[in-house]
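Student: Mind looking at a prediction? Sequence and model below.
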Amino acid sequence: MQTVPWSDEATTDLVEIIDFIEQRNAAAAQSLLATVIQSAENLPLMPYLFRLGRVAGTREHVVHPNYIVVYQVGNEVIHILRVLHSRQQYIFCSTSASIEIPERDCVIKAHLEKVIQPMAA
């Protein structure tokens, strides 16, 4: 069975999300944490079940209406790349874009594209 390592960025994303929610509702934070971890651990059972990612070479698992696990399927490993809020528009990062996109979302897209290239080779 495939292993499921988490990138440093995905771990940081999850910690920040859980910390934020925990300040308002500790039980909800623990429930979300368990859901995200369980969902990631179950990816090897059906890695292609979830939608194609907005960045080429990725897939996206909506683990909660507000949170998405972005991952990449390899031969022996499924890489968890990011855990993102569903409202993050991380694919529309162009200077010619007609809408204004937060810089953090553009950084996420750039990071994913950088990580995907070496893994795909």
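Tutor: Thanks, I have the structure now.
Student: ok, and what's touching stretch 1-13?
Tutor: The contact list for stretch 1-13, computed with Cβ atoms under 8 Å, 6 or more residues apart in numbering, reads 14, 40-41, 43-44, 47, 69-70, 73-74, 76-84, 111, 115. Backbone N, C-alpha and C define where each C-beta goes, glycine included.
Student: Contacts for stretch 68-79 next, please.
Tutor: Looking at what lies outside stretch 68-79 - Cβ under 8 Å, 6+ apart - the contacts are 2-5, 7, 10, 36, 39-40, 43-44, 47-48, 53, 55, 57-63, 80-86, 112, 115-116, 119.
Student: ranges for the helices of this protein?
Tutor: Ranges of helices within the chain are 8-22, 26-42, 103-120, based on DSSP state H.
Student: Mind listing what's buried along the second one?
Tutor: Residues of helix 26-42 classed as buried: 29, 32, 33, 36, 39, 40 (neighbour count, 16 or more other Cβ atoms under 10 Å).
Student: I'd say the fourth one and residue 66 touch.
Tutor: No. Checked against Cβ atoms under 8 Å, the pair residue 36 and residue 66 is beyond contact range at 11.2 Å.
Student: and for these two, which residues touch both?
Tutor: What both residue 36 and residue 66 touch, as defined by Cβ under 8 Å, 6+ apart, is an empty set.
Student: and residue 10, what pLDDT?
Tutor: Residue 10 carries a pLDDT score of 91 in this model.
Student: Compute the distance between it and residue 84, please.
Tutor: Counting by Cβ to Cβ, to the nearest Å, the gap from residue 10 to residue 84 is 9 Å.
Student: Repeat that for residue 40.
Tutor: In terms of Cβ to Cβ, residue 40 sits 14 Å off from residue 84.
Student: low-scoring stretches of the protein, by residue?
Tutor: 88-121 (pLDDT under 70).
Student: re earlier: give me the buried subset of the contacts of stretch 1-13.
Tutor: Among these, the ones that count as buried by 16+ other Cβ under 10 Å are 14, 40, 43, 47, 69-70, 73, 78-84, 111, 115.
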